[in-house]
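Visitor: Quick one, what's the 3D model for this:
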Amino acid sequence: MARRERVMRMSVEQPLWRALTAYRLLATVYAIGLFATAHDEFVRPWIAVAYFAVLSVWTLATLPRVANAASCTRRFLTADLAVALAGILLTPLADAPERIQGGGPTLPSIWTAGSVLAFAIKGGWRWAALASTLVAVANLVERGSPARDTVHNVILVWVASIAIGYVVEVARASERTLARALEIEAATRERERLARDIHDGVLQVLAMVQRRGAVIGGEAAELGRLAGEQEVALRTLVSGGLVPVPRTSGDTAGGAAGGAVEEPDGPGGEDGPVDLRALLAPYAGARVSLAEPGAPVPLPPLAAREVAAAVGAALDNVRRHAGEHARAWILVEDEPDEVIVTVRDDGPGIPEGRLAQAEGEGRLGVALSIRGRLRDLGGSAELISVPGQGTEVELRVPRGAEDVRGKAEQR
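Guide: Just a heads-up that it's a prediction; the model follows:
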């Protein structure tokens, strides 16, 4: 991780540090040249000569410090800014008052901007704002009054340094995003390679064990069933989806009939949203296929658990009424305003009037376990069945649904 961060900083910041190094050298030569052309107008030129000697030695000695971000430490930045501020405050002692009032340059002149830019490149716009503010205060003290040209120069340095610092922060964020995208691309390619290898070997062996076990029967059939479940789990893993959580030993091949669903914690704990996909993943099996979005499907914890329980009840009905060998499909759709979960099977279907007859006999599995749960969430459950063509249960729950029944009980 540290190596990647170092590479990113080199790619984004290294040209800026090289430009800053050249700027500091040229600014030093420029400041000394300004003094040389007007040294006879200074009242105390020896102060300026001493300062420029220190400035030249400091600039040359600290060239390695402005070579990269690691070498440019906070202690160095503080000392570098102190050299610039000292030159500004020494200007009234060395230069003539007439030149100062007439808008004459300070001793470090444009060299001061290099110190502020070092803050911007190192720490972003906040550090740049702090350094440029200190330089602004020093310039106002040096001039003695906020003259128009002084205020203009101060605002120019302040805005420019903050803008450069902001651009540096944006460049760093873009570089991190690019690095993450490259990592995801590399991981995806590796996953695809592994998926091909696994498909050519392990998945085929598991499928063969499942088929042969079903043919042999007895204990071999149980072994084949387990091989089929592991094939589904492995296929889900290599395709990048959620891995089904192991079910209880009493669970059947058809789904989660009577099995406990392991409920993962949401991002925010009990009060945070829960990814519905994680609650439905344990239902996938050799005869239950789960199709889900590639992104999380967040719902409030109570709503997510109730929807998962309704799906479990629908799969129980598949196992109980369509037979152990019936296949089922779960489809999760994440719409902007609601979440739709469809459970479909290839069983014989429900004869017309059978549900009403079951409710009259006191068997309320569909009425309570499925429709009742969705009604309490403010959603709906629609059951469509055609004799000989299977049954389809469509569950609709609005986004941000709450358990109305649970809230009433709490009151």
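Visitor: count of neighbours near Gly217?
Guide: A count of nearby residues for Gly217, using other CB atoms under 10 Å, gives 10. All C-beta atoms are positioned from the backbone trio N, CA, C, and that covers glycine.
Visitor: Check Ala181 too.
Guide: Using other CB under 10 Å, Ala181 has 10 other residues around it.
Visitor: and it, what element?
Guide: Counting by DSSP states H and E, the element that carries Ala181 is helix 148-200.
Visitor: That helix - contacts with which helices or strands?
Guide: helix 2-37, helix 111-123, helix 125-143, helix 219-238 (3 or more CB pairs under 8 Å, 6 or more residues apart in numbering; DSSP states H and E).
Visitor: before we move on, what SS does the nearest residue to His321 once chain neighbours are set aside have?
Guide: In this structure, His321 finds its nearest non-sequential neighbour in Gly347, 6.6 Å apart by CB to CB, 6 or more residues apart in numbering. Reduced to three states with DSSP: H, G, I helix; E, B strand; the rest coil, the structure at Gly347 is coil.
Visitor: pLDDT wise, what is Gly347 at?
Guide: Here the pLDDT value assigned to Gly347 is 81.
Visitor: got it, and the one 4 residues further on?
Guide: At Pro351 the predicted local confidence, pLDDT, stands at 63.
Visitor: now the closest residue to Thr133 other than its chain neighbours: how far from Glu324?
Guide: Nearest residue to Thr133, sequence neighbours excluded (CB to CB, 6+ apart): Trp158, at 7.1 Å. In this view, Trp158 and Glu324 are 76 Å apart by CB to CB, to the nearest Å.
Visitor: More neighbours: the two, which one.
Guide: Applying other CB under 10 Å to Trp158 and Glu324 shows that Trp158 carries more neighbours, namely 18 against 13.
Visitor: Surely that one and Ala129 touch.
Guide: Yes: using CB atoms under 8 Å, Trp158 is in contact with Ala129, at 7.3 Å.
Visitor: Overlap of the contact sets of the two?
Guide: Counting by CB atoms under 8 Å, 6 or more residues apart in numbering, no residue touches both Trp158 and Ala129.
Visitor: can I get the helices and strands packed on helix 148-200 in CSV with mean neighbour count and distance to Leu315?
Guide: Output for those, formatted as CSV (neighbours: other CB atoms under 10 Å; distance: least, CB to CB, whole Å):
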stretch, mean neighbour count, distance to Leu315
helix 2-37, 15, 45
helix 111-123, 25, 57
helix 125-143, 20, 56
helix 219-238, 18, 14
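Visitor: where does the stretch 151-300 of the chain dip in pLDDT?
Guide: Low-confidence segments of the stretch 151-300 of the chain (pLDDT under 70): 151-152, 191-201, 203-204, 234-271.
Visitor: If we use 50, what do you get?
Guide: Across the stretch 151-300 of the chain, the ranges flagged by pLDDT under 50 are 242-269.
Visitor: Secondary structure class of Pro332, three-state.
Guide: For residue 332 the amino acid is Val, not Pro. The three-state assignment at Val332 reads strand, by three-state DSSP.
Visitor: what pairs with it across the strands?
Guide: Val341 (DSSP bridges).
Visitor: check contacts around it.
Guide: Leu276, Arg277, Leu280, Leu290, Ala291, Glu292, Pro293, Val297, Val339, Ile340, Val341.
Visitor: What distance do you get for it to His39?
Guide: Note on Val332: its distance to His39, by CB to CB, is 81 Å.
Visitor: Next: Leu63.
Guide: Leu63 sits 27 Å away from His39, taking CB to CB as the criterion.
Visitor: Run a quick neighbour tally on Ala84.
Guide: Count around Ala84 with other CB under 10 Å applied: 24.
Visitor: Now the element after the helix or strand harbouring it, going C-ward?
Guide: Assigned by DSSP H and E, Ala84 belongs to helix 74-94. Reading on from helix 74-94 to the C-terminus, the next helix or strand found by DSSP H and E is helix 97-101.
Visitor: Okay then, goodbye and thanks.
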